[in-house]
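Enquirer: Return a 3D structure for these sequence lines:
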Amino acid sequence: MSVDPPSPRASRRPRFFPPPESAGPEGALVMGGDLNAELLLDAYSHGIFPWPHSDEEPLVWWSLDPRAIIELGDFRPHRRVLRRLRSGQFVTSADTDFAGVMRGCAVGPGREGGSWITPNMIRGYTHLHRLGHAHSVEIRSDGQLVGGVYGVSIGGLFAAESMFHRHRDASTAALAVLIAHLKARGYGLLDIQQWTEHTGRLGAIKIPRREYLARLAIEVERPVTFGHRLEGNVESLRE
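Expert: Numbering: from 1, shown residues only. So this is what the prediction gives:
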């Protein structure tokens, strides 16, 4: 079974949600619904994402203003991260343990996620992964999963949801590998939703929601796919 994302050109407004511009001052848009693939794809195609408190409370959907992104050409990983990748200490892969990456982001040391990654979130996004619209990058050391990042992919959009590390630099290494891959595949928009000091140090910037939505409408229509193997060279991110 496959579920195709809605076409923003065919409909500039979401099918299942209010207009993203109608979100409240803190970004909350609407409550309710579930994490089925149709809702998720409609949401991400229009700049909306779920951010629950728990599986026992109604699901809250958000559209933030401003929006945080990382421009693919502006990300510059620390040379130490590149040395770890070059040395073979970190072994990289994509889509070999999507659920494991989500679980790593939800619990344990070094998570940049948190309790909002609920069991229902893991089930919903793992289903989206099986449909080809969610992907992960894994970092392993000595055969063990020690870091990773996951997100949603629609056309030239990659919405990075969360990342984690169990070894120093493993989450940054996962992000570097992801960005090199996205550049090689022709992606144009890396959404990280919310700016923090940590993401700012990695190159994140804030842009107005109207600018984000304008770029998003173009990117989700582009014939870009994630592919089946990692591409790109992280060394090029230092150029």
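Enquirer: Now do the buried residues in the biggest helix by length in the chain.
Expert: The longest helix of the chain (DSSP state H) is helix 170-185. For helix 170-185, the neighbour count (16 or more other CB atoms under 10 Å) marks 170-183, 185 as buried. In short, each C-beta sits where N, CA and C put it, glycine included.
Enquirer: Likewise for stretch 62-76?
Expert: For stretch 62-76, burial by neighbour count (16+ other CB under 10 Å) applies to W62, S63, L64, D65, P66, R67, A68, I69, I70, L72, F75.
Enquirer: do stretch 89-96 as well
Expert: Residues of stretch 89-96 classed as buried by neighbour count (16+ other CB under 10 Å): Q89, F90, T92, S93, A94, D95.
Enquirer: Now stretch 83-94: average pLDDT?
Expert: Averaging pLDDT along stretch 83-94 yields 93.
Enquirer: mind checking the end-to-end distance for it?
Expert: Using CA to CA, to the nearest Å, the end-to-end distance of stretch 83-94 comes out at 20 Å.
Enquirer: what's the distance between I69 and D142?
Expert: Distance, I69 to D142, by CB to CB, to the nearest Å: 34 Å.
Enquirer: Specify which member of the buried residues of helix 170-185 is nearest to T199.
Expert: L175 (9.5 Å; CB to CB).
Enquirer: just checking, the closest one touches V149?
Expert: Yes - L175 is within contact range of V149, at 5.5 Å (criterion: CB atoms under 8 Å).
Enquirer: shared neighbours of those two, which are they?
Expert: Jointly contacting L175 and V149 under the rule CB atoms under 8 Å, 6 or more residues apart in numbering are V137, A160, M163.
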